[in-house]
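Student: any chance you can model this:
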Amino acid sequence: MPALWIARVNVTDPDPYAEYARLAGPAIEKHGGRFLARGGRFVQLEGQERPRNVVARFPSVEAAVECYNSPDYQQALAHALGAAERDLMVVEIDE
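Tutor: Numbers count the residues shown, from 1 in each chain. Purely as a prediction, here's the structure:
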């Protein structure tokens, strides 16, 4: 079943985070991910607001987790660590 990769982000250091974004996009696409939303307009109805929200669709939960653990994504992630406060989850879509 397909899955959504949902990241909620507060960027604290824009330069290294920009490098993360440059590298993460191709890594996500390489693993079958397709972006549905990248930092667009949103309305926070409940909970803690994070100003940047990203949603990518993957063929499965396993594909999304494989992407996260891949060397290419981990290389990108090294630039985000310390440059952002992030929440990331993968959730299966009930289709």
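
Student: top helix in this structure by residue count?
Tutor: For the chain, the helix with the greatest residue count under DSSP state H is helix 14-30.

Student: so what does that helix touch, helix or strand wise?
Tutor: On a contact count with 3 or more CB pairs under 8 Å, 6 or more residues apart in numbering; DSSP states H and E, helix 14-30 meets helix 61-69, helix 71-80. In short, each C-beta sits where N, CA and C put it, glycine included.

Student: residue 6: which of those is closest?
Tutor: helix 61-69 (9.9 Å; CB to CB).

Student: buried ones in that closest one, by neighbour count?
Tutor: For helix 61-69, the neighbour count (16 or more other CB atoms under 10 Å) marks 61, 63, 64, 67, 68 as buried.

Student: and the gap between residue 17 and residue 11?
Tutor: Separation of residue 17 from residue 11 (CB to CB, to the nearest Å) stands at 5 Å.

Student: before we move on, what about residue 91?
Tutor: 23 Å.
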